[in-house]
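> sharing a model prediction with you, sequence too.
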Amino acid sequence: MAETHRDKAMDRDRLLAELAACLGPAGLLVEPGDTAAYANDLSGASGGSIVAVARPGSRDDVASVLRRCAAAALPITPRGGGTGLSGGATPVAGASLLMSFERMRSIRSVDAVGNTMVVEAGVTLHDAQQAALQVQRQLGLAHGGASSQIGGNLSTNAGGNNVLRYGMARDQVLGLEVVLADGSVLDFLAPLRKNNAGYDLKHLFLGSEGTLGLITAASLKLRPAAAGRATILVGLRDIESVMAFFARAQAALGENLTAVELIPRGGIELVLEHFPLAREPFAQPAAWALLVEAESASRFFDLDAAMAELYEQAQQAGEVVDGNLAASEAQRLEAWALRERIAHVMIDSPVSLKMDTAVPIACIPAFLRSATDAVARALPGCRAVPFGHIGDGNIHFNVIGAAGTDAAEFNASRATLSHAIEDCALALDGTVSAEHGVGLLKRQALARMRSRAELDLMVRLKGALDPGWLLNPGKVFDGGADPAP
């Protein structure tokens, strides 16, 4: 006999009662007024319905919730800090249990000798960074989303400002603690720097966006904190001058080079328009700006002298329009605020498109030209605002509508604009999912970026580890459907 709607409701009520008993009064939210805040992330993607929000306080809580949901065939949408831009934490159509890791905020250990720390998934990036600094160490991961959680950073393989020197989020990881869809616990958390015993399973879960298992804790690498730092904001004549300056910076600063951030003139103008206290950084406006930073754990490396000589060489070569070498921490932070505020304007604007493209570094000039032309054809009058991590080829080719652009009109052009930018990146062997994941919004693009064999293997992995397709449904792939377009 078919299960009735009443039977399903009774089963759901029984499940929620079991979860409430397991998690305690603070561990389960069921009232719509309490769950509404968990329905979306910064992508603005529309979501499905939330049966309840589970707020586990431990790994064992997570395992217990997953076992019960597996038995009830109830999908689970994991959520970190909600700062993602691909809809990865947004529930899809249909009902699901949302799992928030906000109560799992324990920093289990910090080892200044072994240069490691063990943190739970709900620890924010800011708190992890501060815990490392307390013992004169630093975490290699750094980006504008300080309120993001470590679990979310690892599940999306987040990038950020320091990838050039320290690598992506996965490069910070020595070990993981993971709970699978059936509630089984995998504990390979030991902070071993060398371990060739079989497959290195942690890499299955890093960047898998919670679709293969839920990360509950991680062992992370630490590095000596910077004893010296030099930061320069330089205005450059054209994109060829940008690339030449980057090459000079690599030669002059070597592995001390930490960040090289590209800022277009249009991005500076946006910040000046939207932040009244922001200041024009250059006496003479330049087509492009580079924010270049180097750091050293040794006090014997004169970074300021190296940066000044780098600037002088570029000036003699005719590449430089203007420049400012930060003379204080306040000036350094002002330069970084200029860079970060571009992203804030984009997130706040209802007529903006935020892309996450990356191309081989040598192809950056060609990509900027072709994508600028493509968006101008797709939506005449719009402004291209490409900015980001030129040191690793990750250019956020964003677009904002012209002044007075109607939101509905801009929204109607989103798909055309996205596809045009994707075409330009993919034509240069690039990607449109560099550091924010595939999530909900880039599922169709995935099939354009990966081969049929790669996609088939991804589906087989998903089916093996989550046969019910219950973990973060609708992300990366559309349910159990064929991922090909």
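Yep, that arrived.
> export the helix or strand hosting Ala447 to PDB, keeping only CA atoms.
Counting by DSSP states H and E, the element that carries Ala447 is helix 443-449. Extracted as PDB, the C-alpha positions of helix 443-449 are listed here (Å, rounded to 0.1, in the frame of the first residue of the first chain):
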ATOM      1  CA  ARG A 443      26.200  23.000 -12.700                       C
ATOM      2  CA  GLN A 444      25.700  23.600 -16.400                       C
ATOM      3  CA  ALA A 445      29.100  25.100 -16.700                       C
ATOM      4  CA  LEU A 446      30.700  22.000 -15.100                       C
ATOM      5  CA  ALA A 447      29.800  19.900 -18.100                       C
ATOM      6  CA  ARG A 448      31.700  22.500 -20.300                       C
ATOM      7  CA  MET A 449      34.800  22.300 -18.200                       C
END
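> show residues contacting that helix.
418, 422, 426, 431-433, 438, 455, 474-478, 483-485 (C-beta atoms under 8 Å, 6 or more residues apart in numbering). The C-beta positions use only the backbone N, C-alpha and C, and glycine is treated the same way.
> can you tell me which of these is closest to Gly88?
Nearest to Gly88 among these is Lys475, at 5.6 Å by C-beta to C-beta.
> and that closest one, what does it touch?
Residues in contact with Lys475 (C-beta under 8 Å, 6+ apart) are Gly87, Gly88, Val92, Glu209, Gly210, Thr211, Val438, Gly439, Leu440, Arg443.
> repeat that for 6 Å
Gly88, Glu209, Thr211, Gly439, Leu440 (C-beta atoms under 6 Å, 6 or more residues apart in numbering).
> lowest average confidence, helix or strand, in the protein?
The helix or strand of the chain with the poorest confidence is helix 5-23; it has a mean of 82 (mean pLDDT, DSSP states H and E).
> following element in sequence after that helix, please.
Beyond helix 5-23 toward the C-terminal end (DSSP H and E), the next one is strand 28-29.
> so how far is whatever helix or strand comes next after that following strand off the chain centroid?
Where DSSP H and E defines the elements, the next helix or strand beyond strand 28-29 is helix 32-35. Distance of helix 32-35 from its chain centroid, counting by C-alpha atoms, centre = their mean, to the nearest Å, is 27 Å.
> name the residues that touch the next helix or strand after helix 32-35?
Counting by DSSP H and E, the next helix or strand C-terminal to helix 32-35 is strand 49-54. Under the criterion C-beta under 6 Å, 6+ apart, residues 16, 28-30, 35, 38, 65, 91, 95, 97-100 lie in contact with strand 49-54.
> check stretch 291-304 too.
Residues from elsewhere that reach stretch 291-304 (C-beta under 6 Å, 6+ apart): 224, 226-233, 249, 253, 256-261, 335, 339.
> buried residues, that stretch. List them.
Leu291, Val292, Glu293, Ala294, Glu295, Ser296, Phe301, Leu303, Asp304 (16 or more other C-beta atoms under 10 Å).
> would you point out the most distant pair within the contacts of Lys475?
Thr211 and Leu440, at 11.7 Å, using C-beta to C-beta across the contacts of Lys475.
> pull up the distance across stretch 254-269, start to finish.
When the termini of stretch 254-269 are compared using C-alpha to C-alpha, to the nearest Å, they are 32 Å apart.
> mind listing what's buried in it?
Asn256, Leu257, Thr258, Ala259, Val260, Glu261, Leu262, Ile263, Pro264, Gly266, Gly267, Ile268.
> are any of the contacts of strand 49-54 buried, and which?
Leu16, Leu28, Leu29, Thr35, Tyr38, Val65, Pro91, Leu97, Leu98, Met99, Ser100.
> dump those residues to JSON lines, plus distance to Arg170.
Listed next are these as JSON lines, based on distance: C-beta to C-beta, whole Å:
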{"residue": "Leu16", "distance to Arg170": "36"}
{"residue": "Leu28", "distance to Arg170": "32"}
{"residue": "Leu29", "distance to Arg170": "32"}
{"residue": "Thr35", "distance to Arg170": "32"}
{"residue": "Tyr38", "distance to Arg170": "26"}
{"residue": "Val65", "distance to Arg170": "26"}
{"residue": "Pro91", "distance to Arg170": "26"}
{"residue": "Leu97", "distance to Arg170": "27"}
{"residue": "Leu98", "distance to Arg170": "25"}
{"residue": "Met99", "distance to Arg170": "22"}
{"residue": "Ser100", "distance to Arg170": "23"}
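> and which of the contacts of helix 443-449 is nearest to Phe188?
Nearest member of the contacts of helix 443-449 to Phe188, counting by C-beta to C-beta, is Val476, at 22.8 Å.
> who touches the host helix or strand of Leu333?
Per DSSP H and E: Leu333 is located in helix 329-348. Residues external to helix 329-348 that are found in contact with it (C-beta under 6 Å, 6+ apart): 144, 231, 233, 261, 263, 267, 270-271, 274-275, 291, 326, 352, 354, 387, 398.
> identify each buried residue in that helix, please.
Within helix 329-348, judged by 16+ other C-beta under 10 Å, the buried ones are Arg332, Glu334, Ala335, Trp336, Leu338, Arg339, Arg341, Ile342, Ala343, Val345, Met346, Ile347.
> one more: stretch 380-390?
Within stretch 380-390, the residues that count as buried by 16+ other C-beta under 10 Å are Cys382, Arg383, Ala384, Val385, Pro386, Phe387, Gly388, His389, Ile390.
> closest to Arg170 out of the residues you listed?
Scanning the buried residues of stretch 380-390 for proximity to Arg170, where the rule is C-beta to C-beta, the winner is His389, at 16.1 Å.
> quick one on the thing from earlier: can I get the contacts of strand 49-54 in a markdown table including distance to Gly160?
Below are those laid out as a markdown table (distance: C-beta to C-beta, whole Å):
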| residue | distance to Gly160 |
| --- | --- |
| Leu16 | 38 |
| Leu28 | 33 |
| Leu29 | 31 |
| Val30 | 36 |
| Thr35 | 30 |
| Tyr38 | 25 |
| Val65 | 30 |
| Pro91 | 27 |
| Ala95 | 34 |
| Leu97 | 30 |
| Leu98 | 26 |
| Met99 | 25 |
| Ser100 | 23 |
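> can you give me the buried ones in the helix or strand harbouring Val375?
Using DSSP H and E, Val375 maps to helix 364-378. Neighbour-count burial for helix 364-378 flags Ile364, Phe367, Leu368, Ser370, Ala371, Thr372, Ala374, Val375, Ala378 (criterion: 16+ other C-beta under 10 Å).
> how close does the closest residue to the second one other than its chain neighbours sit to Leu236?
If you skip the residues right next to it in sequence, Phe367 has Val359 as its closest partner in space, 4.6 Å away by C-beta to C-beta, 6 or more residues apart in numbering. The gap separating Val359 from Leu236 is 19 Å, by C-beta to C-beta, to the nearest Å.
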